[in-house]
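In: Sequence first, predicted model second:
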Amino acid sequence: MNSRLVNRAPRPLLRNRSERRAPRVAGAGALALLCVAIAGCSGWPSHPAGPQAVRIAGEWWLFLSVSCAIYVVVMAALIAALLRAPRARAETETELPAPANRRFSYAVGAAVAISVALLFVLLISDLLTGRVVEAFGANDPLIIEIKGRQWWWEVSYADPIAGNRFTTANEIHIPIGRPVELLLTSADVIHSLWVPELHGKRDLIPAYGRRLRLQADRAGIYRGQCAEFCGYQHAKMSLLIIAEPEAVFAAWQNAQRQPARPPANESETRGQQVFLSTTCVMCHTVQGTPAGGKVAPDLTHLASRQTIASGAVPNTPGHLAAWILDPQSIKPGTNMPGNPMSPQDLQALLAYLRSLT
Ligand code: CUA
């Protein structure tokens, strides 16, 4: 036997004060990080408001619980191993007891078996959740077509009655308690629709239709976001889903089907002339007027919307004026060019656009 090894004294478990304090400092740091992370959730939609989101949230909590439990067990095993390390080193340096070796092999084997079993359970649970979520709402859903564009959402309400179809942008009204089927496609690059309180993400792919069924069970305004990097202003490509009782939704739908309100005074009349005689008319549609551009949002009922520029700014006269004059200052890279005009023309144009309820 090697006397040099036998005579070596085991090293102390924790050698000095700073080493003893290290785990406590690390624990406090982890706790602080956890608090910051949880506090960050308060400003973000995190309460499921529909059956699909409830199911997805349940799946998420299952994954989080299992992952946390495994983390705790692994950390406990690691700490136990570290605490045993000096004694174990002394033992192995003297002789290697066969029973200890066998115990180690059994422990590793059991850990691998438990890991495989847990992963299998999570896989099955995930597949089942996917099937349930996809099958939901197949009966008589409200059909809404959504086309992703750089960087806004074109929203069309299909209707079996000819002439009842209408198009809007960036705000999707839906009735509560009724399944809605979103038919998704893209006019340019790949986008992704994500309204966390109602469903998971679904890509919008050029020339390839996809479908997403969702339902809101309580009235509210649910913020959505493009979740696939789609260019410079990807971050400013948000949308609102406004869930409301059936009667309110029906009234909104009926109002949206109407052509634009005609100008009611001199200022609005001048504003309409400005609109129809400048570059606005080349890209935007206002139903009931010669403006029939299809590459930018339909403005027939612009004043009924809460935001402009796909949620970039609120729909107020000041923001609308800034957007008309210099959209690049609000959303650099947007396809809309600046429209310098006289203050009188701008005021008239604002009066007209604000009248489009
Ligand atoms: Cu559209 Cu990101």
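Out: Thanks, I have the structure now.
In: near the ligand, which residues of this structure show up?
Out: Listed as neighbours of the ligand in the chain under the rule CB under 6 Å from any ligand atom: 148, 151, 191, 226, 228-230, 234, 237. The way it works is simple: take the backbone N, C-alpha and C, and place the C-beta from them, glycine included.
In: beta partners for the residue in the stretch 51-200 of the chain that the ligand sits nearest to?
Out: Using CB to the nearest ligand atom, the closest approach of the stretch 51-200 of the chain to the ligand is made by residue 191 at 3.5 Å. Beta bridges link residue 191 to residue 204, judged by DSSP bridges.
In: Tell me who's in contact with it.
Out: 148, 203-204, 226, 228, 230, 237 (CB atoms under 8 Å, 6 or more residues apart in numbering).
In: what about the helices in the stretch 51-200 of the chain?
Out: Counting by DSSP state H, counting those that start in this stretch, the stretch 51-200 of the chain has these helices, from start to end: 51-94, 98-135.
In: Output these in CSV; the columns should cover mean pLDDT, distance to residue 182 and mean neighbour count.
Out: Below are those laid out as CSV (pLDDT from 0 to 100; distance: least, CB to CB, whole Å; neighbours: other CB atoms under 10 Å):
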stretch, mean pLDDT, distance to residue 182, mean neighbour count
helix 51-94, 87, 12, 13
helix 98-135, 89, 13, 12
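In: Same list (those helices) but as CSV, adding distance to residue 342.
Out: Putting these into CSV (distance: least, CB to CB, whole Å) gives the following:
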stretch, distance to residue 342
helix 51-94, 49
helix 98-135, 54
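In: what's the closest of these to residue 332?
Out: Closest of the helices of the stretch 51-200 of the chain to residue 332 is helix 51-94, at 33.4 Å (criterion: CB to CB).
In: how far off helix 98-135 does the closest one point, in degrees?
Out: Angle, helix 51-94 to helix 98-135, by axes from the mean of the first three to the mean of the last three CA atoms, to 10 degrees: 170 degrees.
In: Out of the contacts of residue 191, which comes closest to residue 185?
Out: residue 204 (5.9 Å).
In: give me the number of residues near that closest one?
Out: Residues within reach of residue 204, counting by other CB atoms under 10 Å, total 28.
In: Over to stretch 254-266 now: how far is its first residue from its last?
Out: 28 Å (CA to CA, to the nearest Å).
In: what's in contact with that stretch?
Out: Applying CB under 8 Å, 6+ apart, the contact partners of stretch 254-266 are 157, 164, 166, 168, 269, 271-272, 286-289, 299-301, 304, 351-352, 355-357.
In: so how far is it off the chain centroid?
Out: The chain centre lies 34 Å from the centre of stretch 254-266; the measure is CA atoms, centre = their mean, to the nearest Å.
In: Could you measure from the residue of the stretch 51-200 of the chain closest to the ligand over to residue 177?
Out: 28 Å (CB to CB, to the nearest Å).
In: just checking, residue 295 touches residue 285?
Out: No. Contact criterion CB atoms under 8 Å: residue 295 and residue 285 do not qualify, at 9.8 Å.
In: So for stretch 317-326, what gets flagged as buried?
Out: For stretch 317-326, a neighbour-count test (16 or more other CB atoms under 10 Å) marks 319-321, 323-324 as buried.
In: Packing partners of the one helix or strand residue 344 maps to?
Out: Taking DSSP states H and E as the definition, residue 344 sits inside helix 343-354. Contacts defined by 3 or more CB pairs under 8 Å, 6 or more residues apart in numbering; DSSP states H and E place helix 343-354 against helix 266-277, helix 317-325.
In: give the contact list for the nearest residue to residue 174 once chain neighbours are set aside.
Out: Nearest non-adjacent residue to residue 174, counting by CB to CB, 6 or more residues apart in numbering: residue 180, 4.9 Å away. Contacts of residue 180 were listed using CB under 8 Å, 6+ apart, and they are 137, 141-142, 144, 174, 213-215.
In: same check, this time on residue 206
Out: Residue 206 sits in contact with 185-190, where contact means CB under 8 Å, 6+ apart.
In: try it again with 6 Å
Out: Shown in contact with residue 206 (CB atoms under 6 Å, 6 or more residues apart in numbering): residue 186.
In: and if you look at residue 217?
Out: For residue 217, the contacting residues are residue 50, by CB under 6 Å, 6+ apart.
In: Tell me how far it lies from residue 178.
Out: Residue 217 is 10 Å from residue 178, by CB to CB.
In: Also residue 336?
Out: 35 Å.
In: higher neighbour count, those two?
Out: Using other CB under 10 Å, the more surrounded residue of residue 336 and residue 178 is residue 336, with 21 against 16.
In: circling back: drop anything exposed from the residues of the chain next to the ligand.
Out: 148, 151, 191, 226, 228, 230, 234, 237.
In: which of these sit farthest apart?
Out: 151 and 228 (11.6 Å).
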